[in-house]
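Peer 1: no sequence for this one, just the structure:
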């Protein structure tokens with residue numbers, strides 16, 4: 001039995017939630033393996049939108065089991081708000097939703113530290129201020145608090161004391177009552193999370209042993225990966241396909257393939273270089289037509305043209321052969337569409353993403369211009385329904401990236417989707 005991964009291939013916000021939702025009928029289990037409330041997936045069904053930050057998109061499909069893996073960081077308040085919202089919408093969660101007892105827990109002092117860092121212009125990178133980075137930091141220096149630790153007062157006290165020694169300003173110390181307040185909060189978190197806490201790695205392997213098909217759901221995007229992205233303007237976890245193994249507790253032999261999700265142009269939230277960013281009226285047009293405002297923060301996204309240099313980088317580090325292209329309809333009104341095919345850098349013309357953030361910030365895109373189709377594609381439901389120039393654009397991106405787009409999305413709703421290669425999608429789980 002084969003299993004697959006869906007990842008974001010740009011700077012996040014590519015529409016991964018919609019693609020996971022599309023693939024759910026082919027699988028039995030959906031696993032989220034990294035990130036936390038800094039991610040936001042929007043799924044639109046018959047005009048009704050559901051916003052998710054922790055819980056996998058598969059939860060909207062009856063009977064699908066959803067696991068939040070050990071590689072995640074969890075804000076208990078946000079997680080429980082999502083649970084209550086789903087229940088209010090009539091979605092049955094019983095026996096379907098499990099949270100790893102090895103996942104790291106976000107506490108108020110993590111959010112406070114995140115806010116202080118973002119208020120410091122010298123350290124600002126444009127985080128969501130949800131405490132994700134400081135929680136991963138605590139994990140790496142081995143003073144983090146996991147789901148399994150919440151009901152263990154001795155271990156909680158030891159970890160918090162260790163964190164205090166490493167950084168006297170964080171977390172709050174006993175002299176101001178901070179330690180006892182955190183201990184009480186941990187007990188409350190455990191009480192509320194207990195129905196969901198589980199050894200998800202063992203559960204996942206038990207499900208694999210029964211022949212279940214599994215889809216691994218990534219969050220954010222490849223260019224925000226802490227190793228392979230535009231460091232230091234990145235998130236605090238590995239967002240590439242390879243992170244699914246560590247973040248869920250499986251070996252690479254379990255995985256069959258990866259679907260990389262690209263949008264038909266580029267967006268980014270927060271600080272950091274984005275060579276193909278469009279600062280003029282066309283950038284505003286992309287933002288307005290694409291409704292480019294963050295699901296998590298509400299911030300307007302920076303918009304620009306498809307960056308095939310960054311795209312090729314993503315194809316390589318994720319091992320992509322198959323892709324999904326979203327928001328094609330946003331480009332419907334344009335007479336010309338630039339595609340960045342190379343960078344002019346201080347060291348010369350290049351088709352690689354430089355590791356140096358200074359060199360990347362100085363890079364200027366080399367554009368190839370393709371003709372737009374200037375026709376509405378939002379009602380198209382098959383490949384041949386698309387205007388010829390729209391098909392030419394998609395095929396041009398395929399040529400530049402070296403992949404095949406099995407899915408083309410022409411609107412936010414589940415129905416606004418063209419399945420171009422159903423056989424390739426089926427093969428992921430054969």
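Peer 2: It's in. Because the structure is predicted, anything quoted here is derived from the model rather than measured.
Peer 1: going forward, measure contacts between C-alpha atoms and count neighbours the same way
Peer 2: Noted.
Peer 1: helix, strand or coil for residue 426?
Peer 2: Here residue 426 is helix, with the state taken from DSSP: H, G, I helix; E, B strand; the rest coil.
Peer 1: state the number of residues packed around the nearest residue to it once chain neighbours are set aside.
Peer 2: The shortest distance from residue 426 to any non-neighbouring residue, by C-alpha to C-alpha, 6 or more residues apart in numbering, is to residue 26 (7.4 Å). When neighbours are defined as other C-alpha atoms under 10 Å, residue 26 has 15 of them.
Peer 1: could you tell me how many residues sit around residue 79?
Peer 2: Neighbours of residue 79 using other C-alpha under 10 Å come to 19.
Peer 1: state the mean pLDDT of the helix or strand hosting it.
Peer 2: Under the criterion of DSSP states H and E, residue 79 resides in helix 76-88. Across helix 76-88, the average pLDDT comes to 93.
Peer 1: could you do stretch 255-262 as well?
Peer 2: On average, stretch 255-262 scores 94.
Peer 1: sketch out the low-pLDDT regions of the stretch 201-350 of the chain for me.
Peer 2: Where the stretch 201-350 of the chain drops to pLDDT under 70, the residues are 295-297.
Peer 1: what segments of it are strands?
Peer 2: For the stretch 201-350 of the chain, applying DSSP state E, counting those that start in this stretch gives strands covering 214-217, 255-263, 266-268, 302-304, 306-307, 322-326, 336-345, 348-350.
Peer 1: redo those strands as a markdown table? Include distance to residue 56 and mean neighbour count.
Peer 2: Listed next are the strands of the stretch 201-350 of the chain as a markdown table, based on distance: least, C-alpha to C-alpha, whole Å; neighbours: other C-alpha atoms under 10 Å:
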| stretch | distance to residue 56 | mean neighbour count |
| --- | --- | --- |
| strand 214-217 | 7 | 26 |
| strand 255-263 | 16 | 25 |
| strand 266-268 | 22 | 25 |
| strand 302-304 | 26 | 24 |
| strand 306-307 | 27 | 25 |
| strand 322-326 | 18 | 25 |
| strand 336-345 | 32 | 20 |
| strand 348-350 | 38 | 13 |
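Peer 1: will you turn those into TSV that also has distance to residue 401?
Peer 2: Below are those laid out as TSV (distance: least, C-alpha to C-alpha, whole Å):
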stretch	distance to residue 401
strand 214-217	22
strand 255-263	11
strand 266-268	15
strand 302-304	18
strand 306-307	10
strand 322-326	10
strand 336-345	10
strand 348-350	15
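Peer 1: by contact count, what packs against the helix holding residue 79?
Peer 2: Applying 3 or more C-alpha pairs under 8 Å, 6 or more residues apart in numbering; DSSP states H and E, one finds that helix 76-88 makes contact with helix 178-193.
Peer 1: tally of neighbours for residue 251?
Peer 2: That count, for residue 251 with other C-alpha under 10 Å as the rule, works out to 11.
Peer 1: low-confidence ranges in the stretch 1-150 of the chain?
Peer 2: 1, 41-48, 117-128.
Peer 1: swap in 50 and give it another go.
Peer 2: Of all residues in the stretch 1-150 of the chain, none has pLDDT under 50.
Peer 1: can you pull out the helices in it?
Peer 2: Along the stretch 1-150 of the chain, counting by DSSP state H, counting those that start in this stretch, helices occupy 16-23, 76-88, 108-119, 132-140.
Peer 1: what's the answer for the stretch 251-400 of the chain, then?
Peer 2: Using DSSP H, counting those that start in this stretch, the helices of the stretch 251-400 of the chain run over 281-290, 308-318, 357-362, 388-401.
Peer 1: residues contacting the second one, please?
Peer 2: This means helix 308-318. The contact list for helix 308-318 (C-alpha atoms under 8 Å, 6 or more residues apart in numbering) reads 9-10, 222-223, 228, 240-242, 258, 260, 320-321, 339-343, 351-353, 397, 400-403.
Peer 1: cool, the last one as well?
Peer 2: If you take C-alpha under 8 Å, 6+ apart as the criterion, helix 388-401 is touched by 308, 311-312, 315, 341, 370-373, 383, 404-405.
Peer 1: for residue 94, state which of those is nearest.
Peer 2: The closest of the contacts of helix 388-401 to residue 94 turns out to be residue 405 (C-alpha to C-alpha; 35.8 Å).
Peer 1: picking up where we left off before, what subset of the contacts of helix 388-401 is buried?
Peer 2: 308, 311-312, 315, 341, 370, 372-373, 383, 404-405 (16 or more other C-alpha atoms under 10 Å).
Peer 1: could you break the protein into its assigned domains?
Peer 2: 3-100+197-257, 104-145+152-193, 262-427 (automatic domain parsing).
Peer 1: tell me the most buried of those domains?
Peer 2: Compared across these, domain 3-100+197-257 shows the largest average neighbour count, a mean of 21 (mean count of other C-alpha atoms under 10 Å).
Peer 1: show the end-to-end separation of that one, please.
Peer 2: The first and final residues of domain 3-100+197-257 sit 7 Å from each other (C-alpha to C-alpha, to the nearest Å).
Peer 1: stretch 366-385 now?
Peer 2: In stretch 366-385, first residue to last residue: 31 Å (C-alpha to C-alpha).
Peer 1: that stretch - what's its average pLDDT?
Peer 2: For stretch 366-385, mean pLDDT is 98.
Peer 1: contacts for it, please.
Peer 2: 328-329, 331-344, 386-391, 393, 410-411, 416-420.
Peer 1: ok, stretch 265-275 next?
Peer 2: 10-13, 124-127, 230, 233, 276-277, 292, 294, 299-307, 357, 360-361, 363-365.
Peer 1: so residue 231 makes contact with residue 359?
Peer 2: No. Applying C-alpha atoms under 8 Å, one finds residue 231 not in contact with residue 359, separated by 11.9 Å.
Peer 1: hang on, the earlier thing: reformat the contacts of helix 388-401 as CSV; add distance to residue 94.
Peer 2: Formatted as CSV, the contacts of helix 388-401 follow (distance: C-alpha to C-alpha, whole Å):
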residue, distance to residue 94
308, 43
311, 40
312, 42
315, 38
341, 49
370, 50
371, 51
372, 48
373, 48
383, 39
404, 38
405, 36
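Peer 1: widest-spaced pair of the residues you listed?
Peer 2: Between all members of the contacts of helix 388-401, the farthest pair (by C-alpha to C-alpha) comes out as 315 and 373, at 26.8 Å.
Peer 1: setting aside sequence neighbours, what's the nearest residue to residue 365?
Peer 2: Nearest non-adjacent residue to residue 365 (C-alpha to C-alpha, 6+ apart): residue 343, at 4.6 Å.
Peer 1: for that neighbour, what are its contacts?
Peer 2: So, once contact is read as C-alpha under 8 Å, 6+ apart, residue 343 ends up touching 309, 349-352, 363-366.
Peer 1: over to residue 86?
Peer 2: residue 92.
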